[in-house]
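Enquirer: generate a structure from the sequence data that follows.
(one chain, ligands or ions: 2)
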Amino acid sequence: MRIALYGADGPAEFWTDGLRALWPQAEVAHWVPGSPPADYAVVWAPPQAFFDEQPGLKAVFNLGAGVDALLKLRIPPQTQLVRLDDAGMAVQMAEYVCHALIRHFRALDAYAADTHAGRWTQRPTRARADFPVGILGAGVLGQRVAQALRGFDFPVNVWSRQPKQLDGVRGFAGAAQLDDFLAASKGLVCLLPLTVDTENILNRRSLSRLQPGGYVVNVARGAHLVEADLLALLDSGHLAGATLDVFRNEPLPAAHPFWAHPKISITPHTSARTLREESLVQIAGKLQALLQGLPVAGMVERERGY
Ligand code: NDP
Ligand code: OXD
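Expert: Ligands and ions are numbered 1, 2, ... in the order given. Model prediction:
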């Protein structure tokens, strides 16, 4: 069995050695143009040439949760696509989103500015009941974030395609319930996959439906957000601020207004990193299940786009 690796974070040996340790019987090699065809692949954002040279791939394991970049490519129809589900990302996402929302809710930046200026000032308290948080996407990551926010007693709403029943969380499903979901939320977290249905979903119309003083956290993909609409609603005061981890163009271009905007905090696509040990162990388990014909979690359904 031959396994090709492409695009993993850090030195290639870091990953090839790990795969060899888990699959000693496999031939594992970092892919370069002209490499011999492989049976399986472990990839992040490969070029089209990778698939053009690999017509016989049985399955591809994506080194991340989002498969939008992969689905832009021409991939043989019989090649199965498998994504990471959680693999250590859910807890990172939960801490990132809770940090962003609590930093805003507790005015921690304002306190930091005060104390750095030598001011001992107490700001008004806020009621958690007046800060319901809506999570777009109630999958592997969205559910973990919902659970973490409930742990801080925030009212939590989730929106998904299929209805969900989560303990202590109000569920909304489908396009017909999107407006009600937005109207019931002040904080908004985007944890949707990027698909034809979800591209540009954070726009003037949807963000205007949030309760006044809304706060947006986008940790999914930059193309979910219409940037000019966010800026306009921040300027108008309808939105109080935003934390953004993902952008249409990454790295964010040097002249982009988000860098220095006083109401926007940015991070460089780092809210939930792919962790080597967790990812390799998960991929080995999925490969084993595939080889045994057992069900595999995280199978990508190409028609639905995630
Ligand atoms: P999942 O596939 O587990 O969950 C996706 C959720 O979105 C599901 O609840 C699904 O609904 C819902 N959804 C999809 N399409 C629609 C739609 N049209 N209308 C309503 N709901 C919809 O994905 P993950 O939770 O694992 O990951 C989510 C995304 O997070 C990834 O696709 C990736 O883009 C991003 N991500 C970002 C990272 C970062 O570092 N910034 C790291 C990891 C992931 P249903 O449950 O009904 O299927
Ligand atoms: C992912 C990501 O999709 O890191 O896993 O963005």
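Enquirer: buried ones in stretch 179-191?
Expert: F181, L182, A184, S185, K186, G187, L188, V189, C190, L191 (16 or more other C-beta atoms under 10 Å). Quick note: C-beta positions are derived from backbone N, CA and C, even for glycine.
Enquirer: should've said stretch 37-49
Expert: A38, D39, Y40, A41, V42, V43, W44, P46.
Enquirer: in strands only, show me the residues you listed.
Expert: Among the buried residues of stretch 37-49, the members falling in strands (DSSP state E) are Y40, A41, V42, V43.
Enquirer: quick one: which of those is nearest L202?
Expert: V43 (28.1 Å; C-beta to C-beta).
Enquirer: now for this protein, the helix or strand with the poorest mean pLDDT.
Expert: Sorting the helices and strands of the chain by mean pLDDT, DSSP states H and E puts helix 12-22 at the bottom, at a mean of 93.
Enquirer: need the contact list for R276.
Expert: Taking C-beta atoms under 8 Å, 6 or more residues apart in numbering, we find R276 in contact with A8, D9, G10, F14, W15, G18.
Enquirer: okay, now the residue nearest to the last one when sequence neighbours are not counted: neighbour count?
Expert: What it means is G18. With sequence-adjacent residues excluded and distances taken as C-beta to C-beta, 6 or more residues apart in numbering, G18 is closest to L280, at 4.5 Å. The number of residues packed near L280 is 23, by other C-beta atoms under 10 Å.
Enquirer: where does Q288 fall, secondary structure wise?
Expert: Here Q288 sits within helix 276-291, counting by DSSP states H and E.
Enquirer: check contacts around the residue in the stretch 101-250 of the chain that ligand 2 sits nearest to.
Expert: The minimum distance from the stretch 101-250 of the chain to ligand 2, using C-beta to the nearest ligand atom, falls at V246 (7.1 Å). Each residue near V246 by C-beta under 8 Å, 6+ apart is listed here: N218, V219, A220, R221, G222, H224, H269.
Enquirer: try L71
Expert: L81, V300, R302, G305.
Enquirer: how much space separates it from ligand 2?
Expert: As judged by C-beta to the nearest ligand atom, to the nearest Å, L71 and ligand 2 stand 12 Å apart.
Enquirer: now do that residue, the pLDDT please.
Expert: Reading off the confidence values, L71 has pLDDT 98.
Enquirer: please report phi then psi for it.
Expert: Torsion angles at L71 (phi, psi; degrees, to the nearest 10) stand at phi -70, psi -10.
Enquirer: ok, now which ones touch F172?
Expert: With C-beta under 8 Å, 6+ apart, F172 has these contacts: N157, V158, W159, S160, L178, D180, F181, A184.
Enquirer: what's the helix or strand for it?
Expert: Residue-wise, F172 maps onto strand 169-173 under DSSP H and E.
Enquirer: good, we can wrap up now.
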